[in-house]
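> this one's sequence-less:
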């Protein structure tokens with residue numbers, strides 16, 4: 001397994017709509033394993049292939065806390081089939097938008113169809129943090145960032161800061177937060 005470089009905004013690749021995966025093969029599973037290693041190293045709880053500059057409909061998630069055994073999940077060609085009318089608000093972050101967090105409202109429950117590591121079709125009904133994480137990562141596959149769910153004013157400010165920092169070869173300076181565990185009680189950060 002190898003740690004892959006994560007791309008950051010304003011990289012235009014993050015706005016690409018990812019291509020469907022045609023078949024589950026050794027190359028795809030190797031990419032998924034590399035993505036998991038990259039996600040753990042970052043650290044994060046989810047990662048879409050486009051975040052490592054691969055425009056394929058593949059994402060990985062692991063919601064296990066630091067003191068728990070890893071519980072990696074791989075979703076190939078995930079698609080939201082249903083979402084609840086009930087809403088939840090989670091503080092989200094993103095490995096492609098480091099050190100920035102914002103509250104995002106999303107459906108509290110979703111049903112997602114996907115192909116698993118085994119190459120077979122599956123469905124999962126998710127709620128809470130898993131539902132939020134799945135929606136966040138599937139958004140990435142559609143060229144959507146969690147910033148698109150916040151006010152235009154805040155979104156424009158964040159994008160300006162990252163664009164300026166990219167030109168200077170630095171990262172933007174946001175108010176520092178206490179160090180978080182790989183999975184804090186409520187943030188959904190990929």
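Nice, thanks for sending it over. All of these numbers come straight from a predicted model, not from anything done at the bench.

> ok now do residue 84, which residues does it touch?
107, 108, 109, 110 (Cβ atoms under 8 Å, 6 or more residues apart in numbering). C-betas here are computed from N, CA, C, even on glycine.

> Which residues does the residue nearest to it when sequence neighbours are not counted form beta bridges with?
Nearest residue to residue 84, sequence neighbours excluded (Cβ to Cβ, 6 or more residues apart in numbering): residue 109, at 4.0 Å. Legend: beta-bridge partners of residue 109 under DSSP bridges are residue 127.

> ok, residue 109 - how many residues close by?
17 (other Cβ atoms under 10 Å).

> Show me what counts as buried in stretch 19-38.
21, 24, 28, 31, 32, 33, 34, 35, 36, 37, 38 (16 or more other Cβ atoms under 10 Å).

> Now the phi/psi pair for the first one, please.
The one in question is residue 21. Residue 21 has phi and psi values of phi -80, psi 130 when expressed as degrees, to the nearest 10.

> again, but for the last one
In terms of degrees, to the nearest 10, the main-chain angles of residue 38 are phi -60, psi -50.

> if I look at it, how far off is residue 96?
Separation of residue 38 from residue 96 (Cβ to Cβ, to the nearest Å): 12 Å.

> Please enumerate the shared neighbours of the two.
Joint contacts of residue 38 and residue 96 (Cβ under 8 Å, 6+ apart) are residue 6.

> Would you state the strands of the chain in chain order?
Taking DSSP state E, the strands of the chain run over residues 46-48, 58-61, 73-83, 87-94, 97-107, 109-115, 121-127, 188-189.

> Compute the inter-axis angle for the fifth one and strand 73-83.
Angular relation of strand 97-107 and strand 73-83 on a 0 to 180 degree scale: 40 degrees, by axes from the mean of the first three to the mean of the last three Cα atoms, to 10 degrees.

> List of residues touching strand 97-107?
Strand 97-107 has contacts (Cβ under 8 Å, 6+ apart) with 8-9, 83-94, 131-132, 135-136, 145-147, 149-150, 154, 158, 162, 171-172, 174, 176-177, 187-189.

> now with 7 Å?
8-9, 83-84, 87-93, 131-132, 135, 145-147, 149-150, 154, 158, 171, 174, 187 (Cβ atoms under 7 Å, 6 or more residues apart in numbering).

> Filter the residues you listed down to the buried ones.
Listed as buried from the contacts of strand 97-107 are 8-9, 83, 88, 90, 92-93, 131-132, 135, 145-147, 149-150, 158, 187; burial here means 16+ other Cβ under 10 Å.

> Might you specify the subset of those located within helices?
Per DSSP state H, helices hold the following members of those: 131, 132, 135, 158.

> These into JSON lines, with extra columns for distance to residue 47 and pLDDT?
Output for those, formatted as JSON lines (distance: Cβ to Cβ, whole Å; pLDDT from 0 to 100):
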{"residue": "131", "distance to residue 47": "17", "pLDDT": "98"}
{"residue": "132", "distance to residue 47": "15", "pLDDT": "98"}
{"residue": "135", "distance to residue 47": "15", "pLDDT": "98"}
{"residue": "158", "distance to residue 47": "20", "pLDDT": "91"}
